Each structure stands twice: as C-alpha cells, then as structure tokens.
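Enquirer: let me see the structure of the following:
(one chain, ligands or ions: 1)
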Amino acid sequence: MPNSVLKGRSTRKTHTHTHDYYNRLSGHEGKTSSLFLLSLCYLPRSILPSPFHFHSLFSLIPPPLSLPLSLSLSPQFSRSPVSVNFIEVDNREMKEMNPWHTPVTIIITVIGVMAIVALVTVAVLQNRPLPQKYKYGIVMDAGSSHTALYIYEWPAEKDNNTGRVEQTHLCKVKGPGISSYASAPVKAGESLRLCMEEAKQWVPGKRHHQTPLYLGATAGMRLLNMANSSASDKVFQAVEGALQKFPFSYQGAKIISGQDEGAFGWITVNYLDERLKQGLETRGALDLGGASTQISFVSDNYDGSESPSNSVTFRLYGNDYNLYTHSFLCYGKDQSLRMMQAHQSQAGPATVLDPCFHPGYTATKNYSVLYDSPCVSDRKPKDAPDTFTHIGIGDFLQCQAAVKSVFNFTSCKYSRCSFNGVLQPLLQGPYGAFSAYYFVMNFLNLTDTSVPLEDVKEKLKRYCATNWDQIMQQHPEVKLKYLAEYCFSGTYILTLLTEGYNFTSESYSDIKFIKKIKGSDAGWTLGYMLNLTNMIPAEAPDTPLLPHPGYVSVVSVIAVLLFILFIVSLRPLWPRCSKQPQIV
Ligand SMILES: Nc1nc2c(ncn2[C@@H]2O[C@H](COP(=O)(O)OP(=O)(O)O)[C@@H](O)[C@H]2O)c(=O)[nH]1
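Expert: Residues are numbered from 1 along each chain as shown. Okay, here's the model as predicted:
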C-alpha cells in the first residue's frame, strides 16, 4: 500500500494497535517488551537499509530480557507518514525460524565483541600516560647586583632530550651580588644559605643527590676578577664551601664569559618559544644587566668570517645556527650610569647637575664609591673633594646627549659596527629584550613597541621632567634606588637600542620586552643548564607517528570498523521484517 494512505487518521490507529500488539508479545497487560527494536520499525524508510525488516527482530529478545517500558513514540514520529510492518506472529515460532539463534552465529558474535574490547583495552592501557616523575636542576645566577636561584624540572622518562624543561621556583638571594663581598668573602657564601634551604624543600628528598647544582657568575665577578683576582678567588672559595654543604650534586661555580652569557640567553628564549625544536625563524636576545649587556641574533649577513670572536655555532635538533653575539662589559645599566656620571664630573665639581634625574632630586654621594669600578677608575678626577652633591634637573634631551657620551662611534674596522668598534651585522628578525630591559620599560609603561618611537620618547620626556616629590608620592612601594634611576634607565635603553644597536623607528617594533616565557624567566640560566646537561640534542629526536590520544582513537575506530564489517559480512543471515507490510 502506498505511504500516502497512512496520512491523517490512520496514524493514531496504528499507534493504538501497536500498543496492543506489544502487550500481547510480553504476555503482560500494561507492560511492554523489546520496545527499542519495535520503535526502529517506526523510523522513516529513508534512513533504514532497505532489506532490514524489523518485525523478526522482536524474536531476538528472549522474554526474560523484555523491558517493562511503556511505549512512547515521539509526537514527531506519530504524526509523520510511516510504513508499518505489522504482523502478529507467534513468538516461539519466530525464534525457531531466526538464523541468529544458531549457536555458531552467537559464538562468533561474542568472540568478535570480546576481541574488539580486548584490543581497545590493551591499546589504552599500554599507552596510558604513566604518573609523572620529575628530575631537577638548580642554577644560581650570581649577577652584579644580586644572586638568584632557579630550579628547573623535566619529566624523568623524557630524559632523552624530548621533554620540556620548565622553571618551577625562583629564589632571590637577600643582599647584593657576590662581587660586593670582596672585603668579607665568607658572607658571600652565607648569603646563599636561605635560598639553598628553600631548594631543599622544593626538590623531593630522594632526588637531592642526583640534582645538579651550578653557579655561574656574570659581569660583577668579571669586573672584580679584573680589578682584584685574589679577592675574586676568595669569594668563589667561600661560595663553593657553602654550596657543597647541601645534598645536591654540586657541579662547580665559575665566571661565565660574556659570549656564553649572550649565547645561553638566546638559547633560553628560543628553546622556551619552541623555535629550536620546530626549526622556526629564531628570535634575537637582548639582555641588559647591571654591569654588562648582551646582543645575540642570527643574521644572513653574518657567517663568522668577519670578527670570528663574535660567532657561536650550534647544531640543535638537526639545524645549524651561526649566532652573532656580543657582550659589552660596563654597558649594563648600573655601570653605564657610573660612566655617564664620571663623564659629567671629570673636573671633580662639588655639585653635579644631572639631566637624567628628576627635578627636585638631591643626594650627597661619595666620589670614591662612584669611581670604584674598572669601568670608570681611569677617569677619576685628581683634585676632587670626597663627596659631591648630585642634583637632578630632569631634561630628557640633555640626558640623551649625556648618555650618548658613553658610546664611542668614531672607529669601525668592520663592514658595520654598533659602537666601540664592535662588528654588528644587519639586524634581522624579531627580538626578545629581557632582564633590566623589561624591569625598566615595564615600570615606565612603555613595553608596547607598536607605539611609535617618537611617542615613546615624548612620554619619557614628560616622565623625566616630573618633580621627584611627585614621583615618590606616586610610587611609595618602589625601592628608592630604582625609582630615582628610571629616567636615566629608560633614556639609556632607548639610546642603546637606537644609537648603539641601530634599531630604527620601524625595526623598534620587532622588539618584545619580556620577563617570562611560558612560566620560565628569560635569561641565560636555562640555556646554560640545557647545555651542560646535554638536554638539547644535535639531531631531531624520533617522534612517534601519533600522539597517545590520536593512537588510541585510531585503534578504536579501526576496531569498530572491523566489527561493522564483520556484521555486514553476516548479511545473508540477517533476519527480515515482513515483505508484506500490513497497515492497520
Ligand atoms: N627596576 C628594577 N631593576 C631591577 C630589578 N631586579 C634587578 N634589577 C636591575 O637589573 C639589573 C640586573 O642586573 P644583574 O642581573 O645583577 O646584572 P649582570 O650581572 O650585569 O647581569 C641591575 O641593574 C639591577 O639593579 C627589579 O626588580 N626592578
């Protein structure tokens, strides 16, 4: 009978008769059984495979499995035109006719389902992520102004160079950098004790003995070593003695070269950005410390043949890098301030008017302290009084000129130079500027490098001209030493970048001021540890074709497809609904 006859009143009738039929099948008035399969027979034909006739399927469900459900067809189905296969059949008789009830079919089906379940279970269990165990490494950055202790961790089973190393803890040592303890070296060792105790808490006890501990000293100790090498040795002895008392695997304390400081800072930034692993274009590293500053980048114009001392080559994850790097000793922000003030006070005046300090700023300073550094000692005025009065006038343009006086642009024996006759290839690619670059620009609210350089200078000009009292009122929480120097520091950073390294108004926007990348501080320490522990392989590690979840999904999908294929292959055995539909 054509479907059209089902329209209208007949639909309701069908519903009623179906209910009666079901009650008979289950043998219980008010109860129904096998409703799911029955409802399949009510689906529109268009969504069913044509030979699949459902009435016989009722016989698949033995009476004990019948569900006490009440029939509830959705209004949508009860109203739509449907074809109904409805033959009252004796339940027992149908069971006998149904080939699904043959023992062989049942056994094959059960074995098939069990095999698929076993396959998926094994795939999931075999590849489930194991509870993570970590390994640790400790690096102490003995900087010119302070010492910081970094704890890194990485998954223990990924020791084979594929795991990500992350910073888990940073402890800032109280007091100045270790180079300041030249006259009392024992105190240099003692100053590290609290942070070392903290490290003992952060690294699980059973890992203490296998956790490497490194101390790297930078420009502060480089300068002390230049000025007084025996004092520098004594500081190291005291530091070693203190560190060896702790249960870690002590790997030594040493001064790292400026070149290493630059190169390891570059590795840190590009490792954390995952640029090395993925072989992407690298990011140059700009590091501003207190006593030195580093610039490191890869340039197509630099192959290391010109000024080889600026070249560092690496093979990392299967890629070769020829890095240009240079560390300017004395051009950290603290030593450059000294150099600028030395320049202003060469005649030994009792009063120094300083354009890089705010108007209203006044302080009495000691000449011998100002000149107590190899960066300025040769400029010490002969007939100067002990002290001088340092007075701020807050003039950005004059400050820029004074800052510029610390750079020497007169001679260059290479194809192009930054300053002081140092080769610098053409700038290329993006840059990350960290350490004091970040501290200063972040405080001044000038980290957005999409702001035109002229606007940045204008903002700094207004900031420098602000009265010192007002600055102190606005920032009561900031250390006075830092606060007094931000005008100078900001001016120094802009002058170093534009006049020193030749960043233009356009390329300035390639710089990103950063403190952390994915939770780890930007700086040389991570690159240093990765290098010493051989954590970055020269060649790209073999990676599995699929990550774990992808692998499990593929196995599961294949298993389900196999099962469906298996069922389809049994098609000749499928039961059929009536070929003679009867509409009631
Ligand atoms: N404004 C500001 N400056 C900081 C902070 N911490 C460190 N610095 C300065 O940043 C510079 C970092 O110096 P450091 O790492 O000790 O020097 P390095 O040995 O030359 O690398 C110094 O000039 C510090 O005074 C901070 O929290 N705020």
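Enquirer: if you average pLDDT over the biggest helix by length in the chain, what comes out?
Expert: In the chain, with assignment by DSSP state H, the single longest helix is helix 103-126. Regarding helix 103-126, the rounded mean pLDDT is 79.
Enquirer: what is that helix packed up against?
Expert: helix 548-569 (3 or more C-beta pairs under 8 Å, 6 or more residues apart in numbering; DSSP states H and E). The way it works is simple: take the backbone N, C-alpha and C, and place the C-beta from them, glycine included.
Enquirer: pull the CA atoms of the helix it packs on into PDB?
Expert: C-alpha atoms of helix 548-569 as PDB (Å, rounded to 0.1, in the frame of the first residue of the first chain):
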ATOM      1  CA  HIS A 548      48.900   8.900  22.600                       C
ATOM      2  CA  PRO A 549      45.300  10.100  22.300                       C
ATOM      3  CA  GLY A 550      45.500  10.000  18.500                       C
ATOM      4  CA  TYR A 551      46.900   6.500  18.600                       C
ATOM      5  CA  VAL A 552      44.100   5.200  20.900                       C
ATOM      6  CA  SER A 553      41.400   6.900  18.700                       C
ATOM      7  CA  VAL A 554      42.800   5.300  15.500                       C
ATOM      8  CA  VAL A 555      42.900   1.900  17.100                       C
ATOM      9  CA  SER A 556      39.400   2.300  18.400                       C
ATOM     10  CA  VAL A 557      38.000   3.500  15.100                       C
ATOM     11  CA  ILE A 558      39.600   0.600  13.200                       C
ATOM     12  CA  ALA A 559      38.300  -1.900  15.800                       C
ATOM     13  CA  VAL A 560      34.700  -0.500  15.400                       C
ATOM     14  CA  LEU A 561      35.000  -0.500  11.600                       C
ATOM     15  CA  LEU A 562      36.200  -4.200  11.700                       C
ATOM     16  CA  PHE A 563      33.200  -5.000  13.900                       C
ATOM     17  CA  ILE A 564      30.800  -3.300  11.500                       C
ATOM     18  CA  LEU A 565      32.400  -5.100   8.500                       C
ATOM     19  CA  PHE A 566      32.100  -8.400  10.400                       C
ATOM     20  CA  ILE A 567      28.400  -7.700  11.000                       C
ATOM     21  CA  VAL A 568      27.800  -6.800   7.400                       C
ATOM     22  CA  SER A 569      29.600  -9.900   6.200                       C
END
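Enquirer: mean confidence for it?
Expert: On average, helix 548-569 scores 79.
Enquirer: could I get the buried residue list for it?
Expert: 551-552, 555, 559, 563 (16 or more other C-beta atoms under 10 Å).
Enquirer: what's the nearest residue to the spatially most central residue of the chain if we skip its chain neighbours?
Expert: With distances taken as C-alpha atoms, centre = their mean, Lys518 lies nearest the centre of the chain, 2.6 Å away. Closest residue to Lys518 apart from its sequence neighbours, by C-beta to C-beta, 6 or more residues apart in numbering: Leu272 at 5.6 Å.
Enquirer: what's the answer for Leu562, then?
Expert: Nearest non-adjacent residue to Leu562, counting by C-beta to C-beta, 6+ apart: Ile116, 6.9 Å away.
Enquirer: same thing with Ile517?
Expert: Closest to Ile517 by C-beta to C-beta, 6+ apart is Leu272, at 3.8 Å.
Enquirer: and the one you found, how far from Trp524?
Expert: Here the criterion is C-beta to C-beta, to the nearest Å. By it, Leu272 lies 13 Å from Trp524.
Enquirer: what sits against Glu198?
Expert: 149, 169, 171 (C-beta atoms under 8 Å, 6 or more residues apart in numbering).
Enquirer: go again using 7 Å as the cut-off
Expert: Cys171 (C-beta atoms under 7 Å, 6 or more residues apart in numbering).
Enquirer: and if you look at Val406?
Expert: Val406 is in contact with 336, 339-340, 343, counting by C-beta under 7 Å, 6+ apart.
Enquirer: phi, psi of the residue nearest to Tyr501 when sequence neighbours are not counted?
Expert: Leaving aside its chain neighbours, Tyr501 sits nearest to Ser418 (5.4 Å; criterion: C-beta to C-beta, 6+ apart). Torsion angles at Ser418 (phi, psi; degrees, to the nearest 10) stand at phi -80, psi -80.
Enquirer: neighbours around Ser418, how many?
Expert: 22 (other C-beta atoms under 10 Å).
Enquirer: try the one 10 residues further on
Expert: Gln428 sits with 18 neighbouring residues when counted by other C-beta under 10 Å.
Enquirer: list the contacts of stretch 393-403.
Expert: Against stretch 393-403 from outside (C-beta under 7 Å, 6+ apart): 340, 343-344, 353-359, 460-461, 464-465, 487-488, 491-492, 495.
Enquirer: and that stretch, which residues are buried?
Expert: Those would be 393-396, 398-400, 402-403, for stretch 393-403 by 16+ other C-beta under 10 Å.
Enquirer: just those: which are in helices?
Expert: 396, 398-400, 402-403.
Enquirer: what's the closest non-adjacent residue to the residue of the stretch 151-300 of the chain found nearest the ligand?
Expert: At 2.3 Å from the ligand, Gly289 is the closest residue in the stretch 151-300 of the chain, using C-beta to the nearest ligand atom. Counting by C-beta to C-beta, 6+ apart, Gly289 lies nearest to Gly332, which is 4.2 Å off, once chain neighbours are set aside.
Enquirer: next one: Ser509
Expert: Once flanking residues are discounted, Ser509 sits nearest to Thr449: 4.8 Å by C-beta to C-beta, 6+ apart.
Enquirer: count of neighbours near the residue in the stretch 51-200 of the chain that the ligand sits nearest to?
Expert: Taking C-beta to the nearest ligand atom, the ligand has its nearest neighbour within the stretch 51-200 of the chain at Gly143, 2.6 Å off. Gly143: 26 surrounding residues under other C-beta under 10 Å.
Enquirer: wait, it sits on Gly220?
Expert: Yes - with contact defined as C-beta atoms under 7 Å, Gly143 counts as touching Gly220 (6.2 Å).
Enquirer: identify the contacts common to these two.
Expert: Residues touching both Gly143 and Gly220 by C-beta under 7 Å, 6+ apart: Gly177.
Enquirer: which phi and psi values does Gly252 adopt?
Expert: Note on Gly252: backbone dihedrals following degrees, to the nearest 10 are phi 110, psi 160.
Enquirer: what's across from the closest residue in space to it that isn't next to it in sequence in the sheet?
Expert: Spatially, and ignoring its direct neighbours in sequence, Gly252 is nearest to Tyr214 (6.9 Å; C-beta to C-beta, 6+ apart). Beta-bridge partners for Tyr214, by DSSP bridges, are Val139.
Enquirer: hmm, Tyr214 is touching Leu532, no?
Expert: Yes - under the criterion of C-beta under 7 Å, Tyr214 makes contact with Leu532 at 6.5 Å.
Enquirer: distance of Ile111 relative to Ala118?
Expert: 10 Å.
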